[in-house]
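# Next comes the sequence, and after it the predicted model I'd like to discuss.
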Amino acid sequence: MRRQRHAKIVATVGPASASPDKLRELFFAGVDTFRLNFSHGTHEDHARVHAAIRALEKDVGRPIGILQDLQGPKIRIGTLKDGALVLSEGETIRFVLEGTNGDKSAIPLPHVEIFEAVLPGQELLIDDGRVRVRTTSRGGNSITAEVVTGGTISNRKGVNLPGTILDISPLTPKDRADLAFGLELGVDWVALSFVQRPSDVIDGRILIGERAGLMVKIEKPSAFEHIEDIVRLSDAVMVARGDLGVEIPPEEVPGRQKELVRICRLAVKPVIIATQMLDSMVSAPTPTRAEASDVATAIYDGADAVMLSAESASGRYPVEAVAMMDRIIKKTEQDKAYRSIITALKPEIEESPPHAVASAAGDLAQAIHAPCIVAYTSSGTTASRIARTRPDVGILAVTPDESVARRLCLLWGAHSVRSEDVRSYEEMVEKAEAHARAESFAQAPESIVVVAGVPFGMAGTTNNLRVVQMRPGERSRP
């Protein structure tokens, strides 16, 4: 079963999509990787969904990726008097570390890290930025601020601090427990929230090891100060435009999105564009034209994947949202301008044999009109290097590792299959032909391009490029 597109679709599972039947519908509508949002639901809920996805995977005979998204630290105000406060522009308010009054002179903010880090002149955004206040002074356990944008705040509303780097780990005790549970289940990816600096990624890597791919969510402006190091230390990146769009001006988000896609392509790391892509389809059967353009822009940028959140988790039209995203991607990739745009964004080739071979594979496939590139890949690196160049043909990624095959469900253009390691050139050719035929990529007398590393089965040794002409008949089966 092949997707007739290069970019991938990630869909969040929630009450609207958690049943086995609905998961099946979503997969056939176009989902490549399912996201389990650990900000909601119990371990038992996620375990049932995980088991249902693995059963579906076995039934359809195709790898399916599972992404565990950790909640991360949530900064919130405490309980207010009467449950809410109306703040007016220009008035002075006071936050306190400890207190129960909950009025304008003592708004509880039970996060010692804020009181240690915030400076006069820095802003606090409450309730996704609907209310803005600017710090005027800070005491030991209190912060005085002026209301910049007024409004009503209520109990436990979230607080963002765009100009402040907090000395806080991205992994709370809840996250650590959730992570241990997810790794035991066997998730393929773990998304780390609230990443501010490279050390946050290292902390996550120590806990995750190689048991899953480590994905960082870029949602804090402070992450951009060390973005290349953060990307280098991770396995994939999610552009979490919801929180990021609260902490930076909306007009900056598109540019940051393009910057992150470019950096990730250069670093050979998959990148997902997330949040509010088809938001109106939470309650409507069709998206706005602006939302369709938003998805298309991510595809023109060269993103590996686009993601649905509430649309598939709690919306009224989860299957329709996936089908719509699938159609937008296909139509965009078929547009006559797409290839020239994607080629213009092509990063320079690194001066190493593996990158040179991967780049040459795409050029060679185009020159001989090959229908696909067969990439033997132990760790996924060879397939990623080829995908980095965004070739105009499909990438048939053949790997002996089932977990790698599942992680490749996020990679642009990759159609992954699990197969035992090859041990000789003859076996390499035979299996490449067999997989290309079995997966409906090619048939005789077409020629395919085969990329591998010698010695076979050794990760990171992309050094062999070969053209293979398909022979008639089913000479062998994969």
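Now that the structure is in, tell me what you want to look at.

# just the strands in the stretch 51-200 of the chain please.
65-69, 84-87, 92-96, 107-108, 123-126, 131-138, 142-149, 151-154, 159-160, 189-192 (DSSP state E, counting those that start in this stretch).

# Same list (these) but as JSON lines, adding distance to Leu26, mean neighbour count and mean pLDDT.
For glycine as for every other residue, the C-beta is placed from the backbone atoms N, C-alpha and C. As requested, these are exported to JSON lines (distance: least, Cβ to Cβ, whole Å; neighbours: other Cβ atoms under 10 Å; pLDDT from 0 to 100):
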{"stretch": "strand 65-69", "distance to Leu26": "13", "mean neighbour count": "27", "mean pLDDT": "98"}
{"stretch": "strand 84-87", "distance to Leu26": "38", "mean neighbour count": "16", "mean pLDDT": "94"}
{"stretch": "strand 92-96", "distance to Leu26": "43", "mean neighbour count": "20", "mean pLDDT": "95"}
{"stretch": "strand 107-108", "distance to Leu26": "41", "mean neighbour count": "22", "mean pLDDT": "94"}
{"stretch": "strand 123-126", "distance to Leu26": "34", "mean neighbour count": "22", "mean pLDDT": "95"}
{"stretch": "strand 131-138", "distance to Leu26": "37", "mean neighbour count": "18", "mean pLDDT": "96"}
{"stretch": "strand 142-149", "distance to Leu26": "39", "mean neighbour count": "18", "mean pLDDT": "96"}
{"stretch": "strand 151-154", "distance to Leu26": "34", "mean neighbour count": "16", "mean pLDDT": "95"}
{"stretch": "strand 159-160", "distance to Leu26": "32", "mean neighbour count": "20", "mean pLDDT": "94"}
{"stretch": "strand 189-192", "distance to Leu26": "17", "mean neighbour count": "26", "mean pLDDT": "98"}
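
# Which among those strands is found nearest to Ala117?
Across the strands of the stretch 51-200 of the chain, the minimum distance to Ala117, taken as Cβ to Cβ, is reached by strand 131-138, at 9.5 Å.

# Quickly run through the sheet partners of that closest one, with directions.
strand 123-126 (antiparallel), strand 142-149 (antiparallel) (DSSP bridges).

# so which of those gets nearest Ala267?
Taking those one by one with Cβ to Cβ, strand 123-126 is closest: 30.4 Å.

# Could you list the residues in contact with that closest one?
With contact meaning Cβ atoms under 8 Å, 6 or more residues apart in numbering, strand 123-126 is reached by 77, 95, 118, 131-135, 145, 148, 153, 157-163, 246-247.

# number of nearby residues for the nearest residue to Asp200 once chain neighbours are set aside?
Among residues not flanking Asp200 along the chain, Pro170 sits closest, at 4.8 Å (Cβ to Cβ, 6 or more residues apart in numbering). Pro170 has 22 neighbouring residues, counting by other Cβ atoms under 10 Å.

# any low-confidence regions in this structure?
347, 457, 460, 473-478 (pLDDT under 70).

# related to what we said a few turns ago, now for the residue nearest to Asp200: which residues touch it?
By Cβ under 8 Å, 6+ apart, the residues touching Pro170 are Leu70, Gly72, Pro73, Leu192, Ser193, Phe194, Val195, Gln196, Asp200, Asp203, Gly204.

# what do you get if the cut-off is 10 Å, keeping everything else the same?
Shown here is Pro170, whose contacts under the criterion Cβ atoms under 10 Å, 6 or more residues apart in numbering are 70, 72-73, 192-197, 199-201, 203-204, 216-217, 220.

# Phi, psi for the closest residue to Ala310 other than its chain neighbours please.
Spatially, and ignoring its direct neighbours in sequence, Ala310 is nearest to Val282 (5.1 Å; Cβ to Cβ, 6+ apart). The phi/psi pair for Val282 (degrees, to the nearest 10) reads phi -60, psi -40.

# Ok, the one 3 residues further on next?
With angles defined as degrees, to the nearest 10, Pro285 sits at phi -80, psi -10.

# Okay, it and Met325: tell me how far apart.
Distance from Pro285 to Met325, counting by Cβ to Cβ, to the nearest Å: 14 Å.

# from memory Ile114 sits against Asn160, does it?
No: between Ile114 and Asn160 there is no contact under Cβ atoms under 10 Å: 11.0 Å.

# Give me the common contacts of the two.
Counting by Cβ under 10 Å, 6+ apart, the residues touching both Ile114 and Asn160 are Ile75, Leu124.

# More neighbours: which of Pro285 and Met325?
Remark: of Pro285 and Met325, Met325 carries more neighbours, 30 against 11, as counted by other Cβ under 10 Å.

# First-to-last residue distance for stretch 189-197?
20 Å (Cα to Cα, to the nearest Å).

# er, stretch 406-423 actually
23 Å.

# about what we covered before: let's have the strands paired with strand 131-138 in JSON lines, adding distance to Arg265.
Listed next are the strands paired with strand 131-138 as JSON lines, based on distance: least, Cβ to Cβ, whole Å:
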{"stretch": "strand 123-126", "distance to Arg265": "31"}
{"stretch": "strand 142-149", "distance to Arg265": "37"}
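
# closest to Thr100 out of those?
Across the strands paired with strand 131-138, closest to Thr100 is strand 142-149 (Cβ to Cβ), at 14.5 Å.
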